[in-house]
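**Q** Kindly return the folded structure for what I paste below:
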Amino acid sequence: MATKKAKSQDEIVQELFDKVQLRKAELQNAEKSCWQTSGTFGFTADSSNGRISIQSMTDTRKLTEIMTFLIERSRTFAEASEILGLDHKFTWLGYSVAEWTSDLKTRVTQIQKDKKKKELAELEVRLNNLISPELKAKLELAELSKLLDNN
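**A** Prediction:
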């Protein structure tokens, strides 16, 4: 009966390191942002004061508040339009709720991607602390080889 050979620490670290690199590559290859609005949002339609850039916002709670505002305004607008027997389509600052929703989702995805990148960078640092000198040399040689092949 064949017995399984226990993996060495270097083999385990190498596997984990490969997984981190794969996930980093997946994040790198993820879809690029495609904005449908100006990216500048305000809770009032009349003034440009107090406008915020959703493209640089990092507070997901604030993004949720914006979506809540749009949902409420859209519903009440549709209800008012129906009561008056009109067929107006709701827009906010010149964009539909679908366009704002798309941009808000895009920003949330970016924030989540940035968070994952940070987590992967932390994992990579921790794994680098576990790498033996032999494995470190092997990984460095592989990286150098890849750089030379690309040039």
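**Q** helices and strands around the lengthiest helix in the chain, which ones?
**A** Of all segments of type helix in the chain, defined using DSSP state H, the longest is helix 97-130. Using 3 or more C-beta pairs under 8 Å, 6 or more residues apart in numbering; DSSP states H and E, the elements in contact with helix 97-130 are helix 9-28, helix 60-83. Bear in mind the C-beta positions are built from the backbone N, C-alpha and C, glycine included.
**Q** Now the weakest link among these, please, by mean pLDDT.
**A** Ranked by mean pLDDT, the helices and strands packed on helix 97-130 bottom out at helix 9-28, with a mean of 77.
**Q** center of the chain - which residue?
**A** Gln110 (2.5 Å; C-alpha atoms, centre = their mean).
**Q** For burial, what's the neighbour tally of the spatially closest residue to that residue that is not a sequence neighbour?
**A** Excluding the flanking residues, the one nearest Gln110 by C-beta to C-beta, 6 or more residues apart in numbering is Ser33, at 6.4 Å. Close neighbours of Ser33, defined as other C-beta atoms under 10 Å, add up to 13.
**Q** Return the residues in contact with Ser33.
**A** Applying C-beta atoms under 8 Å, 6 or more residues apart in numbering to Ser33 gives the contacts 55, 106, 110.
**Q** With pLDDT added, can I get the residues you listed in JSON lines?
**A** Formatted as JSON lines, the contacts of Ser33 follow (pLDDT from 0 to 100):
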{"residue": "Gln55", "pLDDT": "93"}
{"residue": "Thr106", "pLDDT": "93"}
{"residue": "Gln110", "pLDDT": "91"}
